[in-house]
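# Kindly return the folded structure for what I paste below:
(one chain, ligands or ions: 1)
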Amino acid sequence: MTQEKTKGAAALWSGRFNEPVTELVKHYTASVTFDQRLAEFDIEGSLAHARMLHAVDILGGEDLASIENGLAQIRDEIRSGKFTWSVDLEDVHFNIERRLTALVGDAGKRLHTARSRNDQVATDVRLYLRSATDEITALIKNAQRALLDLADQHTETILPGYTHMQVAQPVSYAHHLMAYFEMLARDAQRLGDCRKRVNRLPLGAAALAGTTFPIDRMMVAKALGFDGVCENSIDAVSDRDFAIEFCAAGALIMTHLSRFCEEIIIWMNPRFAFVDLADRFCTGSSIMPQKKNPDVPELIRGKTGRVNGSLVALLTLMKGQPLAYNKDNQEDKEPLFDTVDTLSASLRVFGDLLGGIKVNVEAMRNAALEGYATATDLADYLVKKGVPFREAHEAVAQTVKFAEGRGCDLAALTLPELQQFSALIEDDVFAALTLEGGLKARSHIGGTAPARVKKAISKARKSLV
Ligand code: ARG
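Below you'll find the predicted structure:
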């Protein structure tokens, strides 16, 4: 940040003031340190605005050409790091406008006709968020592809499915992975839906009431790739619900990644040993030589907190504001930027991490054998023989108790032992009691049968192209 004094800086709005702001207030109210991230979008918006002003005869051809050349030069200066940002000029908009005027004179001063920083900043933020939304959506799809690649290898791998963190029923590990695929698919849809509301043009609302000039808002909307215009000028400059929606969608994305990571962390523990994570995603301890810590999944889980925090920050920012624009809204940027940055980094690292998961098929299978995971299958078996489900449930509960006493699995009991609990049990029961049998039988849409999961994976792959 250049701290140099910009001569006449205050003149952009201070004609009616008797004294300049204090140094403290200047720094407190400036946003240029962080909103310079909007610069390219600000220039894009200004170009579209200037061209429209020319098309409706508010701005002459020469002025337009000067503005176009000046803004092109400013864009180059910014890209090459040569642009001098000044805190004296408060924000990205004033910095660019002042530089433009220095480069092209009066034409630069005419650019702000029929516009206010209020509709300007709302436009910049929407343009920024639209492009960020597209980036995040692409990253979600990459992570989904990585999930499919892992799932492909594990349709036949048996994992004890849990409820209440207790062994419930055997599932295919690929099926478990595909649950996350579905979550991410909804996340991408949510972003797509949010994007429709982001992609509306506020410009033309001016300060809040619109402008007395005969502007053509549709022309600007089209030039900037917006689907339409914000229909109410007061709403256009005041609400940030589109940013809140994005952050809410972002919080859900992080929540989904975090749940996956939590499982990896638990499963890496030697008590489980279901998975190992490649060393490139782990670190050691400075004091305990034996340690291999799952830092990357822990950080994804941890960063979920800051994204949730940003969502709450934006909601709180909005809730007390009377219409229309208030300076409070300047505070929308940092939580939004941080959310985009955190999502982008987390999704990238998550996609990589999926390629570093080594599955211990044997350990998963053994765990599934331990918790009477096929008890429901035995109950279903009895129901198919005509026993009402509640009675079957009770008979199986007794069977489990018996097997527990023997210290063995249901499938390890003999036929006469099983028949103590129901005379209807026959030799075919053992097919139902194996893990593989339990999986295979759940072959309906959404079920965990390997053949069904394979179909789900290929359908999912097609949905990504
Ligand atoms: N830096 C301001 C923001 O981010 C730009 C708009 C300022 N408008 C105003 N009337 N003070 O919201």
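
# show me the contacts for the residue in the stretch 251-400 of the chain positioned nearest to the ligand.
The ligand sits closest to residue 330 of the stretch 251-400 of the chain, with a gap of 3.7 Å, by Cβ to the nearest ligand atom. For the C-beta atoms, the positions are set from N, CA and C on the backbone; glycine is no exception. Contacts for residue 330 (Cβ atoms under 8 Å, 6 or more residues apart in numbering) come out as 31, 35, 91, 121.

# roughly how far apart are residue 59 and residue 47?
For residue 59, the distance to residue 47 equals 12 Å [Cβ to Cβ, to the nearest Å].

# sorry, back to before: the residue of the stretch 251-400 of the chain closest to the ligand - that's part of a strand, no?
No - applying DSSP: H, G, I helix; E, B strand; the rest coil, one finds residue 330 to be helix, outside a strand.

# Surely residue 117 and residue 91 touch.
Yes - Residue 117 is within contact range of residue 91, at 7.4 Å (criterion: Cβ atoms under 8 Å).

# residue with max distance from the center of the protein?
residue 416 (55.6 Å; Cα atoms, centre = their mean).

# What helix or strand is residue 421 located in?
Residue 421 is part of no helix or strand, with elements assigned from DSSP states H and E.

# quick one: contacts for it?
Counted by Cβ under 8 Å, 6+ apart, residue 421 has contacts 395-396, 398-399, 402.

# Let's see the ChimeraX selection covering just the buried ones among the residues you listed.
Selection of buried members from these for ChimeraX, criterion 16 or more other Cβ atoms under 10 Å:
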select :395,396,399,402
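
# Okay, and which of the contacts of residue 421 map to helices?
395-396, 398-399, 402 (DSSP state H).

# correct me, but residue 87 touches residue 29?
No - using Cβ under 8 Å, residue 87 is not in contact with residue 29; the gap is 9.9 Å.

# More neighbours: those two, which one.
In this comparison of residue 87 against residue 29, neighbours counted by other Cβ atoms under 10 Å, the higher total goes to residue 87 at 21 against 13.

# Now do that one against residue 30, distance only.
Distance of residue 87 to residue 30, computed by Cβ to Cβ: 5 Å.

# Could you do residue 44 as well?
Per Cβ to Cβ, residue 44 is found 23 Å from residue 30.

# Now do the residue of the stretch 251-400 of the chain closest to the ligand, the pLDDT please.
Here, the pLDDT recorded for residue 330 equals 98.

# residues touching the residue positioned nearest the centre of the chain, list them.
Nearest to the geometric centre of the chain sits residue 250, at 3.4 Å (Cα atoms, centre = their mean). Neighbour list for residue 250: 136, 307, 310-311, 339-340, 342-343 [criterion: Cβ under 8 Å, 6+ apart].

# what do you get if the cut-off is 7 Å, keeping everything else the same?
307, 339, 343 (Cβ atoms under 7 Å, 6 or more residues apart in numbering).

# can you check residue 197 too?
Shown in contact with residue 197 (Cβ under 7 Å, 6+ apart): 242, 245.

# at 6 Å instead, please
Listed by Cβ atoms under 6 Å, 6 or more residues apart in numbering, the contact partners of residue 197 are residue 242.

# So it versus the ligand, what's the distance?
Residue 197 sits 19 Å away from the ligand, going by Cβ to the nearest ligand atom, to the nearest Å.

# so what pLDDT did that residue get?
Taking residue 197 on its own, its pLDDT is 98.

# what's the distance between stretch 27-38 and the middle of its chain?
Mean C-alpha position of stretch 27-38 versus that of the full chain (Cα atoms, centre = their mean, to the nearest Å) differs by 25 Å.

# contact partners of it?
1, 85, 87, 90-92, 95, 124, 128, 330, 333-334.

# Close to the ligand: what parts of the stretch 51-200 of the chain are there?
91, 117-118, 121 (Cβ under 6 Å from any ligand atom).

# Mind doing that once more with 5 Å?
For the stretch 51-200 of the chain, the contact set with the ligand under Cβ under 5 Å from any ligand atom comprises 91, 117, 121.

# Can you verify residue 259 is assigned to a helix?
Yes - under three-state DSSP, residue 259 sits within a helix.

# I'd like to know how far it sits from residue 265.
11 Å.

# Which residue of these two possesses the greater neighbour count?
Per other Cβ under 10 Å, whichever of residue 259 and residue 265 has more neighbours is residue 265, with 20 against 14.

# contacting residues around that one?
Residue 265 neighbours (Cβ under 6 Å, 6+ apart): 294, 297.

# May I have the secondary structure class of residue 439?
helix.

# hang on, the earlier thing: now, the contacts of residue 330 that are in helices?
35, 121.

# want to throw the contacts of residue 330 into TSV with pLDDT?
Converted to TSV, these look like this (pLDDT from 0 to 100):
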residue	pLDDT
31	98
35	98
91	98
121	98
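
# Using the three-state scheme, assign residue 270.
Three-state assignment for residue 270 (three-state DSSP): coil.

# Start the count at 433 instead of 1 going forward.
Happy to do that; since the first residue is 433 now, the last one works out to residue 702.

# Kindly provide the distance from it to residue 833.
Note on residue 702: its distance to residue 833, by Cβ to Cβ, is 30 Å.

# who has more neighbours, those two?
Shown here are residue 702 and residue 833; by other Cβ under 10 Å, residue 833 has more neighbours (10 against 7).

# In space, what's closest to residue 677 - neighbours in sequence excluded?
Of all residues not flanking residue 677 in the chain, residue 626 sits nearest, at 4.6 Å (Cβ to Cβ, 6 or more residues apart in numbering).

# following the helix or strand hosting the one you found, which helix or strand shows up next?
Secondary structure assigned from DSSP H and E places residue 626 in helix 605-630. The helix or strand immediately downstream of helix 605-630 is strand 632-633, counting by DSSP H and E.

# Strands of this protein, residue ranges please.
Counting by DSSP state E, the chain has strands at residues 590-595, 598-604, 632-633, 660-661, 707-709, 789-791.

# what packs against the second one?
Packed against strand 598-604, as judged by 3 or more Cβ pairs under 6 Å, 6 or more residues apart in numbering; DSSP states H and E, are the following elements: strand 590-595, helix 867-873.
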